[in-house]
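>>> structure of the sequence below:
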Amino acid sequence: MRIVVIGGTGMVGSKLVATLDQRGHDAVAAAPSTGVNTFTGDGLADALAGAEVVVDVSNSPTLDDAAIDFFRTATTNLLNAEKAAGVRHHVALSVVGTDQLAPQSGYFQGKLLQEKLISEGPIPFTILHATQFFEFIDTLADSATVDGTVRVPPAYFQPMAGADVAEGVALSALAEPASGIVEIGGPEAFLLTDAIRIALTARGDAREVIADPDSRYWGIELSERTLVPSADATLFGTRLQEWLHQAAARA
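As a prediction, this is how the structure comes out:
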């Protein structure tokens with residue numbers, strides 16, 4: 001089966017392409033670097049020719065209000081190109097808690113708009129909500145560091161390995177369209193403070209990590225379980241400590 005992966009050269013996309021190839025499918029990595037740009041429409045028609053499934057794991061180049069226009073334009077262009085090409089299943093990677101995060105964030109307003117366009121569009125679809133990735137915990141810590149101390153809200157999240165995200169997306173791409181939202185997450189729920197502290201300690205980073213009710217998550221005020229998936233979510237098996245050991249071995 002020919003499956004086009006929009007964002008197929010990125011962290012999750014490259015893993016997804018490899019996973020689909022290993023299972024005998026014709027997976028095509030589509031990204032600006034390969035001549036395919038969903039925002040301008042360049043290269044879309046040629047890339048989608050003969051595709052049965054399109055998976056969008058691309059992201060806005062910014063995390064601010066400009067993301068609204070990016071997701072509106074890119075998603076509209078992509079859905080129109082899919083309709084012309086006869087694509088039968090559109091899969092999009094999104095984020096657990098998007099609807100709760102959107103009122104305070106232009107980026108998540110863009111993600112919510114993306115989901116709306118897909119759900120009201122012409123192509124049978126699956127929207128996959130994933131929890132935060134292990135790979136971004138260091139970035140989260142850096143964004144929350146003030147005067148050498150990491151300050152994060154006293155909230156829970158249930159992060160997962162990028163490879164498990166790719167596996168979850170692959171399973172959705174090879175299944176029938178869900179016509180709704182499917183959630184995936186990691187095997188363990190952590191307080192943000194605990195997961196960040198574990199990750200930093202594993203790398204020899206001695207920054208203090210504290211729970212601060214006045215702090216924000218990428219500028220967003222969180223409730224205790226905004227970032228935790230529902231009880232119906234599919235959970236994957238890679239644990240944070242295991243992933244950290246693997247990352248250290250690769251390094």
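>>> nearest residue to Pro124 other than its sequence neighbours?
Distances taken as CB to CB, 6 or more residues apart in numbering put Pro177 closest to Pro124, at 3.7 Å, once the chain neighbours are dropped. (C-beta placed from N, C-alpha, C; glycine too.)
>>> quick check: which element contains that neighbour?
Assessed by DSSP states H and E, Pro177 sits outside every helix and strand.
>>> before we move on, what about Glu224?
Using DSSP H and E, Glu224 maps to neither a helix nor a strand.
>>> return the residues in contact with it.
Contacts of Glu224 were listed using CB atoms under 8 Å, 6 or more residues apart in numbering, and they are 154-156.
>>> any of these buried? List them.
By neighbour count, with 16 or more other CB atoms under 10 Å, these hold 155-156 as buried.
>>> returning to what we had before: the residue nearest to Pro124 reaches Thr126, doesn't it?
Yes: applying CB atoms under 8 Å as the test, Pro177 and Thr126 come out as touching, 5.4 Å apart.
>>> what touches both of those two?
Counting by CB under 8 Å, 6+ apart, the residues touching both Pro177 and Thr126 are 89-90.
>>> same drill for the two, tell me which one is more crowded.
Of the pair Pro177 and Thr126, Thr126 is the one with more neighbours under other CB atoms under 10 Å, namely 24 against 15.
>>> what helix or strand is the more buried one located in?
Going by DSSP H and E, Thr126 is in strand 125-130.
>>> what helices or strands is whichever helix or strand comes after that strand leaning on?
Once the chain leaves strand 125-130, the next helix or strand it forms, by DSSP H and E, is helix 137-143. Taking 3 or more CB pairs under 8 Å, 6 or more residues apart in numbering; DSSP states H and E as contact, the helices and strands that helix 137-143 lies on are helix 192-202.
>>> who's in contact with the helix it packs on?
134, 137-138, 140-141, 144, 150, 152-157, 159, 190, 206-207, 209-211, 217, 240-241, 244, 248.
>>> chain center to it: distance?
21 Å (CA atoms, centre = their mean, to the nearest Å).
>>> please identify the pairing partners of the helix or strand following it and their relative orientation?
Per DSSP H and E, the first helix or strand lying C-terminal to helix 192-202 is strand 208-211. Under the criterion DSSP bridges, strand 208-211 sits next to strand 149-152 (parallel) in its sheet.
>>> buried ones in the strand it pairs with?
For strand 149-152, burial by neighbour count (16+ other CB under 10 Å) applies to 150-152.
>>> and the average pLDDT for the longest helix anywhere in the chain is what?
The longest helix of the chain (DSSP state H) is helix 66-85. For helix 66-85, mean pLDDT is 98.
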